[in-house]
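**Q** Mind folding the following:
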Amino acid sequence: MAEVSNSKLLQMNAGILTKDACIVIVRTEWNAGIIDELEKGCVRILQQHQVRHIHIVNVPGAFEIPFGIKAYWDASKYKDDRPDAFIALGCVLRGDTPHFDYVCQGVTQGVVQLNLTLPVPTIFGVLTVDNQQQADERIGGKHGHKGEEAAITAIKMIALSNSFKK
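**A** Okay, the predicted model is just below:
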């Protein structure tokens, strides 16, 4: 099982992010209690690292996340405050039908496609879990806080992207 304690994700280098970075969080309306906690953790970390421009976009469900990101990029790519990264936040709980598999596959492929086509990173902060307990374990429980991890990943990916421009 993947655990953040087995990685160096939580180790941050100071000063790797410019303070005027813009990060857009695209979050779902489904499973709002879980998503609210993911968002709180994500925003908390971004604010701790003094990210000044944080925008929140709501979409109905996980399947709509890639469209929300692409539409936001297309509307802002020529503006001064265009995003430096996107964070996709969602939670898909397994049910009794194959719907879970289709939604998980669709949002995963959508985020991969965005990472290959947009010039800025899209971070996958979508929980794909069997039950509420597994979701709770990932919003501050024994598996860490996936919203915080998504924010750290965004910061690191912006720094990586900026390092190529030097």
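
**Q** middle-most residue in this structure, spatially?
**A** Centroid-nearest residue in the chain, with CA atoms, centre = their mean: residue 87, separated by 2.7 Å.

**Q** Packing partners of the helix or strand where that residue lies?
**A** Using DSSP states H and E, the element containing residue 87 is strand 85-93. Judged by 3 or more CB pairs under 8 Å, 6 or more residues apart in numbering; DSSP states H and E, strand 85-93 is in contact with strand 22-28, helix 32-48, helix 65-76, helix 99-117, strand 122-129, helix 132-136, helix 146-164. In short, each C-beta sits where N, CA and C put it, glycine included.

**Q** what is the residue nearest to the centre of the chain paired to in the beta sheet?
**A** Legend: beta-bridge partners of residue 87 under DSSP bridges are residue 25, residue 123.

**Q** gap between it and residue 78?
**A** 22 Å (CB to CB, to the nearest Å).

**Q** so who does the residue nearest to the centre of the chain touch?
**A** Contact analysis of residue 87 by CB atoms under 8 Å, 6 or more residues apart in numbering lists 23-26, 42, 122-123, 125, 150-151, 154.

**Q** Report pLDDT for the residue lying closest to residue 131 once chain neighbours are set aside.
**A** Distances taken as CB to CB, 6 or more residues apart in numbering place residue 93 nearest to residue 131, at 6.8 Å, with adjacent residues excluded. On pLDDT, residue 93 comes in at 93.

**Q** How many residues are close by residue 93?
**A** 16 (other CB atoms under 10 Å).

**Q** shouldn't it be in contact with residue 135?
**A** Yes: in this structure, residue 93 is within contact of residue 135 by CB atoms under 8 Å, at 6.9 Å.

**Q** Find residues that contact each of the two.
**A** Joint contacts of residue 93 and residue 135 (CB under 8 Å, 6+ apart) are 31, 129.

**Q** Report the buried residues of the strand holding residue 87.
**A** Across strand 85-93, burial judged by 16 or more other CB atoms under 10 Å covers 85-93.

**Q** now, among those, which is nearest to residue 32?
**A** residue 91 (9.3 Å; CB to CB).

**Q** Would you mind confirming that the closest one makes contact with residue 127?
**A** Yes: between residue 91 and residue 127 there is a contact under CB under 8 Å: 4.3 Å.

**Q** which residues do those two both contact?
**A** The contact sets of residue 91 and residue 127 overlap at 34, 38, 135 (CB under 8 Å, 6+ apart).

**Q** nearest to residue 158, of the residues you listed?
**A** residue 38 (19.3 Å).
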